[in-house]
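Asks: fold the following, please.
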Amino acid sequence: MAKLDIDEYRKMYLSVVEDHLLARKDQIPNFTTENLHRAIMTEMNRADEETWEVEVPDDKDKAIAEAEERCMDFFENHKDYDTGKTF
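Replies: Next up, the predicted model:
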């Protein structure tokens with residue numbers, strides 16, 4: 001496991017996750033831009049409060065897949081009722 005600064009994690013991993021989720025937005029239940037933003041922010045909140053570092057697997061593809069899975073869990077558990085829908 002590697003530790004990355006939250007800014008590096010956002011640029012290297014979460015931007016890819018966000019692109020993947022946007023590409024599949026029509027197949028994701030409860031997808032709204034508001035929920036996407038909240039899912040990404042929740043993922044960023046995994047960072048250590050003191051060092052602002054996130055532990056990620058050494059394999060980049062595995063790290064991206066795990067982050068996508070956590071975001072998908074967020075979508076499943078949070079309904080927006082179209083209040084944040086922009087698509």
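Asks: skipping adjacent residues, who's closest to the spatially most central residue of the chain in space?
Replies: For the chain, the residue nearest the mean C-alpha position is Ile40 (3.7 Å; Cα atoms, centre = their mean). Leaving aside its sequence neighbours, Ile40 sits nearest to Leu14 (Cβ to Cβ, 6 or more residues apart in numbering; 5.7 Å). Where you see a C-beta, it was placed from the backbone N, CA and C, and this is true even at glycine.
Asks: quick one: the helices in this protein, in order.
Replies: 6-9, 15-23, 33-44, 60-77 (DSSP state H).
Asks: just the mean pLDDT for the first one, thanks.
Replies: Think helix 6-9. Confidence for helix 6-9, expressed as mean pLDDT, is 94.
Asks: any buried residues in it, and which?
Replies: Neighbour counts over helix 6-9 (16 or more other Cβ atoms under 10 Å) mark Ile6, Tyr9 as buried.
Asks: starting at the chain centroid, how far to that helix?
Replies: 12 Å (Cα atoms, centre = their mean, to the nearest Å).
Asks: just to revisit the earlier point, ok, now which ones touch the residue nearest to Ile40?
Replies: Taking Cβ atoms under 8 Å, 6 or more residues apart in numbering, we find Leu14 in contact with Ile40, Glu43, Met44, Ala67.
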